[in-house]
Structure formats: C-alpha cells, structure tokens
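Enquirer: Next come a sequence and a model predicted from it.
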Amino acid sequence: MRLKDKVALITGGGSGIGAAVARRFAREGALVAVADVVPQGAEGVIKEIAAGGGKAIFTQADVRKAGDVSGMIDYVVKEYGHLDILINNAGVTKDNLCARMSEEEWDFVVAVNLKGSFLCAQAAYRPMRKQKYGRIVNTSSVVSRGNMGQVNYSASKAGVIGLTRTLALEYARSNITVNCIAPGFIDTPMAAAMDDKVKALALERIPLSRMGTPEEVANLHLFLASEEAAYITGQVIFLDGGASIGI
Ligand code: NAP
C-alpha cells in the first residue's frame, strides 16, 4: 500500500475527480477526509470506502470561507491526529464571454478555484509544518492556457499555477512538496454539463481522441502524494491526452 496510514484531505471529494481520488487513496491505505459544501455526494463515497474496508470521514466546508477551511483542518487533525496530504480539488465553472461576464460570475469562480486553494494550503501548513511533512496537490486545467468563454476559469486556473510554484518555494523548508495537475477533458459531472457542440470541439483537439477518466487523474494524484514523488515540487503536469501539445 502506497499511502498506508497517511491522512489525506480531498476538497470537492463528493464528486468526479475528487471522489475517484478519495476511493483510490483509501485503497492504498490512506485515512481519508472527504470535504464538500454539502454531504450528499460525499456520504456515498464514504459508504463505498467503508464497504471496501477503508476509512473515511466527511467534513463540511465551503472553500471560499476562511472560517470553514480553518474548522475543516482542525476537525481532520482532531479526528486523525495529523494531516499529511491536501488535495486542492474543489472547482467550479460559470462560462461567459468576457464582454458579457458579470462581476458575480467572475468573483464566484475565482473565489472557489483560486482563493479556495490558497485558503486550504494556508490552513494545512499549520499541522504540516509542525510534523515537518506534507504533500499538497493543486488543480489547474489545460484551460489555464486560455479558452474562449472561460476568462474567469482560465484566469483562476493560471493563478493556481503561480500559487503552486510560490508555495513550493515557501514550504520546501518544512519538507512539504506542492505540485499541480492540469487535467484536460475529463469525464465528470463538470464536463457533462458542457454544451454538446463545445464537447465535440474539445474532443477534436485531443490527440488521443477521447476524454480522460477520473481514475486516470487519481493515478497521478497518488504518485504526487506518495513517497515516490518526494523530490518533485513546484511542478505542473498536464494530463490531457496531448491536448496542450503544439498547435
Ligand atoms: P465536479 O464533479 O463538479 O466536482 C467538483 C467538486 O467541487 C464538487 O463536489 C463540488 O461540490 C465541489 N465544490 C464546488 N464548490 C465548492 C466550494 N465552494 N467548496 C467546496 N467544494 C466545492 O468536477 P470535476 O470535473 O471532478 O473537477 C474537479 C477539479 O478538476 C476542479 O478543480 C476542476 O476545475 C478541475 N478540472 C476538471 C476538468 C474536467 O474536464 N472535468 C478539467 C480540468 C480541470 P457540489 O457538487 O456540491 O457543487
């Protein structure tokens, strides 16, 4: 088991990629905390993990709120005694062309995707610094390179890359690595909500000619959270079937 007795907190763990990471980490022996805004999806994931002989708890948090985030970290440390791995996965979209985008659409997406990742990484630093050990994996996107109709999402995901690189520098002295996964087009509820024409266009741009699966993204999370990745920090890995290569 590659994560035996490691405590792993996964934000947005009740759906899509986060749920796949929670299941995978539990199978690798991690003590999992599934964080989400509402318990519905997370409860199902926790039941599945328990049925497979793993251990998982739910913690409620809206990652936009510093109070929620601080309470979430305290709860995980109280329940499990420490915190080894933070998966900053919670994310949202609210697409529009820049000319039509409202201030609310901008603020909402940047608050969840970028501010949320910052708040969680900041709060997780407290226990990780004390134990002189930590793994943080942030979530960017291939869209960090730019995409029509996603100015808020693209800017937030480009910001996550800057956040990752800076945190990697600041946290290295505490033996905490900080890396970032930039998924392409992954088959989750977020992607299912896309317009069919936009989906078809996105598929055309993928050299491997298919969507990725949440489990494939979870495999990379597992590697970056494991001992095998101990000397990797500040890196951004595109997991996109080749979509970000060339023109
Ligand atoms: P998803 O199925 O929609 O899951 C996102 C999760 O984040 C949901 O559980 C959602 O909860 C939660 N969440 C939303 N707002 C939150 C908040 N304020 N506080 C805490 N949790 C919150 O999406 P996904 O596709 O698995 O995406 C996971 C991550 O990968 C996101 O960061 C996304 O941007 C990124 N990503 C996805 C793709 C893709 O093609 N799927 C591509 C590139 C990057 P609710 O369901 O209750 O809203």
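Expert: It's in.
Enquirer: Contact partners for Leu222?
Expert: By CB atoms under 8 Å, 6 or more residues apart in numbering, the residues touching Leu222 are Arg2, Leu3, Val21, Arg24, Phe25, Glu28. All C-beta spots, glycine's among them, are computed from the backbone N, C-alpha and C.
Enquirer: Arrange those residues in JSON lines, one row each, with pLDDT and distance to the ligand as further columns.
Expert: Formatted as JSON lines, the contacts of Leu222 follow (pLDDT from 0 to 100; distance: CB to the nearest ligand atom, whole Å):
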{"residue": "Arg2", "pLDDT": "97", "distance to the ligand": "22"}
{"residue": "Leu3", "pLDDT": "98", "distance to the ligand": "20"}
{"residue": "Val21", "pLDDT": "99", "distance to the ligand": "9"}
{"residue": "Arg24", "pLDDT": "98", "distance to the ligand": "13"}
{"residue": "Phe25", "pLDDT": "98", "distance to the ligand": "15"}
{"residue": "Glu28", "pLDDT": "98", "distance to the ligand": "19"}
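Enquirer: Out of those residues, flag the one nearest to Asp36.
Expert: Using CB to CB, Val21 comes nearest to Asp36 of the contacts of Leu222, at 12.7 Å.
Enquirer: That closest one: neighbouring residues, count only.
Expert: Residues lying near Val21 (other CB atoms under 10 Å) number 33.
Enquirer: so it, which of the three states?
Expert: Assigned with DSSP: H, G, I helix; E, B strand; the rest coil, Val21 falls in the helix class.
Enquirer: coming back round to it: in helices, which of the contacts of Leu222 appear?
Expert: With helices taken from DSSP state H, the overlap with those comprises Val21, Arg24, Phe25.
Enquirer: tell me the contacts of the last one?
Expert: Neighbouring residues of Phe25 by CB under 8 Å, 6+ apart: Leu3, Lys6, Ala8, Ile10, Val32, Ile85, Ala218, His221, Leu222, Ala225.
Enquirer: Give me the outermost residue of the protein relative to its centroid.
Expert: Ala99 (29.0 Å; CA atoms, centre = their mean).
Enquirer: which residues touch Leu239?
Expert: Counting by CB under 8 Å, 6+ apart, Leu239 makes contact with Ile181, Ala182, Pro183, Gly184, Gly212, Glu216, Val217, Leu220.
Enquirer: need the contact list for the residue farthest from the centre of the chain.
Expert: For Ala99, the contact set (CB under 8 Å, 6+ apart) is empty.
Enquirer: same question, Lys94
Expert: Taking CB under 8 Å, 6+ apart, we find Lys94 in contact with Glu105, Phe108, Val109, Asn152, Tyr153.
Enquirer: Need the phi and psi values for the residue lying closest to the first one once chain neighbours are set aside.
Expert: Computed as CB to CB, 6 or more residues apart in numbering, the closest residue to Glu105 that is not its neighbour in sequence is Lys94, at 4.4 Å. Main-chain dihedrals, Lys94, degrees, to the nearest 10: phi -160, psi 80.
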